[in-house]
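K.L.:
3D model of this:
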Amino acid sequence: MFLVVNLIGVLVFLGIGVLLSKKRNAIQWRCVGALLALNVFLAWFLTSFSIGREIIVAAAAGFNWLISVAYEGIAFAFPDWVHVPQMNFFTSALLPILLVVPMFDILTYIGVLPFIIKWVGKALAFLTRAPKFESFFAIEMMFLGNTEALAVSSLQLKRMKADRCLTLAMMSMSCITAAMVGIYTKMMPGEFIITAIPLNVINALIVTNILHPVKISEEEDTVARVDDDGAEREPFFSFLGNSILGAGRLVLIICANVIAFVALAKLIDMLLVLIHPAITLENILGCIMFPFAWLMGLESGEAFQLAQYMGTKLVTNEFVVMLSVQDIMGQFSHHMQGVLTVFVTSFANFSTLGMIIGCFKGLVDDDKNALISRNVGYMLLSGILVSLLSAGIAGLFIW
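P.N.:
Got it, this is the predicted structure:
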């Protein structure tokens, strides 16, 4: 019975996307179908076979190593920021951008990254029928995270049309940073954390193809290179210096936007409490999310608990939920543990909106920023639908 409800839930989540699509007639169903089949296979493979999880863990460990190298650079300047029991958000998530962005810009400068994007993108595009760059961007997000993937793709973003930039902004609501994987697995079941990562990025392609379908010509489906405009290439160290300065500016822009968005959400909460102590954004969103939690194939009591955690996660972040449930996970059913863990393993929340908008403000022109800012609701909707789909699809195989 619950399995049937779970399956119906996945179909309902897809149906909501179709209902709210900007251009229903332009949805490329062949692409959506291929991506959905791929994600069902991944959910089955990653929940049923240890080798699938080991592959993802090994790849994530490589990127964790890269972030640890960044921490060495940070510790040289600010040792008291790194050598602490718990690093703050600015140090752990934003300052590593100062290494990641220049490193990937160097790979772009020497032609390595465009070559990888071209061929990996072609392989994914062949399987999914999605554009080459969007396909590879999904892979970048799986290991780098949202702002880092956007930052290292700055050259491509500047040359893409605004509609495609909006697609990437919507996709960016649905990932985590590889540096966080180790921390997450200490708080919630590691196998479900690892399962959520690839499901999120494939579902990000599915949801954006439904909510915001964009057709591009073969000429547009290219990967930008440093010397594409035919001009003499900028000297390497001048290029590197500009990359480092750009990364520093990006860190400050993202930080400012995150602080503002979190503070605004808190202000709304405080104003709502004046009406009634029980009225908060978490409770409001919890009530809204209850039908969707029930469609995960849970009995009513656990569905209500899941809905409350969903609301908390959307208003605050995944850490708040993980910290609140890590000591009581054993009290939940195995299915509840799986769908809850997969749902919260993403950056889909209000503060991420600030991060993404701030990131684009530092990377693209005003026209593209204006389009993205006008579609904040669609960005949040995209993140929520991706989390629901990932949890629903994983739940089909977790009982």
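K.L.:
what's downstream of the top helix by length along the chain, the next helix or strand?
P.N.:
Counting residues, the longest helix found in the chain (DSSP state H) is helix 236-275. Using DSSP states H and E, the helix or strand that follows helix 236-275 in sequence is helix 281-294.
K.L.:
Show the average pLDDT along that next one.
P.N.:
Mean pLDDT, helix 281-294: 83.
K.L.:
can you check stretch 147-166 too?
P.N.:
On average, stretch 147-166 scores 79.
K.L.:
Kindly format the C-alpha coordinates of that stretch as PDB.
P.N.:
Extracted C-alpha coordinates of stretch 147-166, given in PDB (Å, rounded to 0.1, in the frame of the first residue of the first chain):
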ATOM      1  CA  THR A 147      28.500  28.500  -5.900                       C
ATOM      2  CA  GLU A 148      31.800  26.800  -6.700                       C
ATOM      3  CA  ALA A 149      30.400  25.200  -9.900                       C
ATOM      4  CA  LEU A 150      29.000  28.600 -11.000                       C
ATOM      5  CA  ALA A 151      32.200  30.300 -10.200                       C
ATOM      6  CA  VAL A 152      34.400  28.000 -12.200                       C
ATOM      7  CA  SER A 153      31.900  28.300 -15.100                       C
ATOM      8  CA  SER A 154      32.100  32.100 -15.200                       C
ATOM      9  CA  LEU A 155      33.500  32.300 -18.800                       C
ATOM     10  CA  GLN A 156      30.600  30.100 -20.000                       C
ATOM     11  CA  LEU A 157      28.000  32.100 -18.100                       C
ATOM     12  CA  LYS A 158      29.100  35.400 -19.700                       C
ATOM     13  CA  ARG A 159      28.600  33.900 -23.200                       C
ATOM     14  CA  MET A 160      25.400  32.100 -22.600                       C
ATOM     15  CA  LYS A 161      22.000  33.700 -23.200                       C
ATOM     16  CA  ALA A 162      19.900  34.800 -20.200                       C
ATOM     17  CA  ASP A 163      17.400  31.900 -20.400                       C
ATOM     18  CA  ARG A 164      20.200  29.300 -20.000                       C
ATOM     19  CA  CYS A 165      21.700  31.300 -17.100                       C
ATOM     20  CA  LEU A 166      18.300  31.000 -15.400                       C
END
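K.L.:
starting at the chain centroid, how far to it?
P.N.:
15 Å (C-alpha atoms, centre = their mean, to the nearest Å).
K.L.:
May I see the buried residues of that stretch?
P.N.:
147-157, 159-160, 162, 164-166 (16 or more other C-beta atoms under 10 Å). (Each C-beta comes from the backbone N, C-alpha and C, glycine too.)
K.L.:
These in helices, which ones?
P.N.:
147-152, 154-157, 159, 162, 164-166.
K.L.:
which one among those gets closest to Gly301?
P.N.:
Thr147 (37.6 Å; C-beta to C-beta).
K.L.:
Tell me the spacing between Ile97 and Ala70.
P.N.:
8 Å (C-beta to C-beta, to the nearest Å).
K.L.:
more neighbours, the two?
P.N.:
For Ile97 versus Ala70, the count of surrounding residues by other C-beta atoms under 10 Å is larger for Ile97: 23 against 20.
K.L.:
Thr147 is in contact with the more buried one, correct?
P.N.:
Yes: counting by C-beta atoms under 8 Å, Thr147 is a contact partner of Ile97 at 6.8 Å.
K.L.:
Now for these two: what residues contact both?
P.N.:
Leu250 (C-beta atoms under 8 Å, 6 or more residues apart in numbering).
K.L.:
hang on, the earlier thing: tell me which other helices or strands the longest helix of the chain touches.
P.N.:
If you count contacts as 3 or more C-beta pairs under 8 Å, 6 or more residues apart in numbering; DSSP states H and E, helix 236-275 packs onto helix 97-109, helix 146-152, helix 281-294, helix 350-361.
K.L.:
pLDDT-wise, which helix or strand of the chain ranks last?
P.N.:
helix 181-187 (a mean of 67; mean pLDDT, DSSP states H and E).
K.L.:
measure stretch 174-192 end to end?
P.N.:
16 Å (C-alpha to C-alpha, to the nearest Å).
K.L.:
Now do the longest helix of the chain: distance to the chain's middle.
P.N.:
17 Å.
K.L.:
Quick one: mean pLDDT over it.
P.N.:
Rounded mean pLDDT across helix 236-275 is 80.
K.L.:
what's the angle from it to helix 281-294?
P.N.:
100 degrees (axes from the mean of the first three to the mean of the last three C-alpha atoms, to 10 degrees).
K.L.:
hmm, who's touching stretch 263-281?
P.N.:
Residues beyond stretch 263-281 that count as contacts (C-beta under 8 Å, 6+ apart) turn out to be 282, 284, 311, 315, 350-351.
K.L.:
Out of those residues, the closest to Ala43 would be?
P.N.:
Closest to Ala43, out of all of the contacts of stretch 263-281 and judged by C-beta to C-beta, is Gly311, at 24.8 Å.
K.L.:
give me every residue that touches that closest one.
P.N.:
Gly311 neighbours (C-beta under 8 Å, 6+ apart): 281-289.
K.L.:
Repeat that for Val251.
P.N.:
94-95, 97-98.
K.L.:
how far away is Ile357 from Asn200?
P.N.:
For Ile357, the distance to Asn200 - C-beta to C-beta - is 20 Å.
K.L.:
That should have said Arg53, apologies.
P.N.:
15 Å.
K.L.:
Show me which of those two is the more surrounded one.
P.N.:
Asn200 (29 against 19).
K.L.:
so which helix or strand takes in the more buried one?
P.N.:
Here Asn200 is assigned to helix 190-211, by DSSP H and E.
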